[in-house]
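*Asks:* Here is my input, please return the structure:
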Amino acid sequence: MEIGTIYLVGAGPGDPDLLTVRAARLIERAEVIVHDGLVSRDILAMARPDAQLISVAKQRSKHTLPQDQINALLVREAKAGRDVVRLKGGDPLIFGRGGEEAEDARAAGVAVEIVPGISAANGAAAAAQIALTHRDASSVVSFVAGQCKGLSDQDWTGLAGKGRTLVIYMGVKTAPQIAEKLMADGLAPDMPLAVVENAARPEMRVLRGPLAALPDLVTREAVKSPALIVIGEVTAREDAAIAHFAVEAHQ
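*Replies:* As a prediction, the model looks like this:
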């Protein structure tokens, strides 16, 4: 029996119009689609009627399947002769564990193709019209995960501040620790930030305020994932202030 191929596909921030042409074609023809919880219904609706859709979305901070079992599932389906699309929100190789899945597939003798997607950071910034770099405000961009083991031990020194932009993935639940950590590292309490919730989707919100107000902002506005926190002077520029969906927060 011929072995299938595993395609690690980035679904972007959720808008089907932001898929790459390659991603759209693979979704439309896939026999099996293994998807996470950040993939929008509109994108899943592109699958052919007889496609098998398998959700491995997180529930209460846990995967319905542990990562090693997801890897095994992908390999098992491919070895059964089916092409498998592993569909991930954003880009597979930016906090998407695509590297782990590709390594296990190659070790099992299964062909892998990685199809990049618009990352959550790029999608959110574009939708909110926040320039992650700007000649007058920022020449460095860093991406970090805000929900990980040993958050307090992570060294973020120098990642945020004047001339720099810090984008925090998965930071909603740990917003108080993030604000405390950054201010303890010397970042000014009034450093501007933006929280972009449901980027590039009809229900998108952009919430703005100073770093010190981040925990209150997230709580008061009941921010839910998917959401990104963008910290830096770029979030306060006039060309980034979109009044009709911005909510201001104050210390």
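*Asks:* contacts, neighbours, all on C-alpha from now
*Replies:* Fine.
*Asks:* Just give the number of residues close to residue 166.
*Replies:* Residue 166 sits with 21 neighbouring residues when counted by other C-alpha atoms under 10 Å.
*Asks:* Report pLDDT for it.
*Replies:* Model confidence at residue 166, given as pLDDT, is 97.
*Asks:* cool, and the one 4 residues further on?
*Replies:* Among the per-residue scores, residue 170 shows a pLDDT of 92.
*Asks:* Please name the residues that touch it.
*Replies:* By C-alpha atoms under 8 Å, 6 or more residues apart in numbering, residue 170 lies in contact with 145-147, 225-228.
*Asks:* What distance do you get for it to residue 147?
*Replies:* Between residue 170 and residue 147 the computed distance is 5 Å (C-alpha to C-alpha, to the nearest Å).
*Asks:* quick one on the thing from earlier: of the contacts of residue 170, buried ones?
*Replies:* Neighbour counting with 16 or more other C-alpha atoms under 10 Å marks 145-147, 226-228 as buried within the contacts of residue 170.
*Asks:* Give me the residue ranges of the stretch 1-150 of the chain where confidence is low.
*Replies:* 59-63, 148-150 (pLDDT under 70).
*Asks:* again, 50 this time
*Replies:* 60 (pLDDT under 50).
*Asks:* Tell me which stretches of the stretch 101-250 of the chain form strands.
*Replies:* Using DSSP state E, counting those that start in this stretch, the strands of the stretch 101-250 of the chain run over 111-115, 138-145, 163-169, 192-197, 205-210, 227-231, 246-248.
*Asks:* Can I get these in TSV including distance to residue 86?
*Replies:* As requested, the strands of the stretch 101-250 of the chain are arranged in TSV below (distance: least, C-alpha to C-alpha, whole Å):
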stretch	distance to residue 86
strand 111-115	10
strand 138-145	21
strand 163-169	20
strand 192-197	24
strand 205-210	28
strand 227-231	22
strand 246-248	34
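*Asks:* ok so, going back, name the nearest of the buried ones among the contacts of residue 170 relative to residue 120.
*Replies:* residue 228 (7.7 Å; C-alpha to C-alpha).
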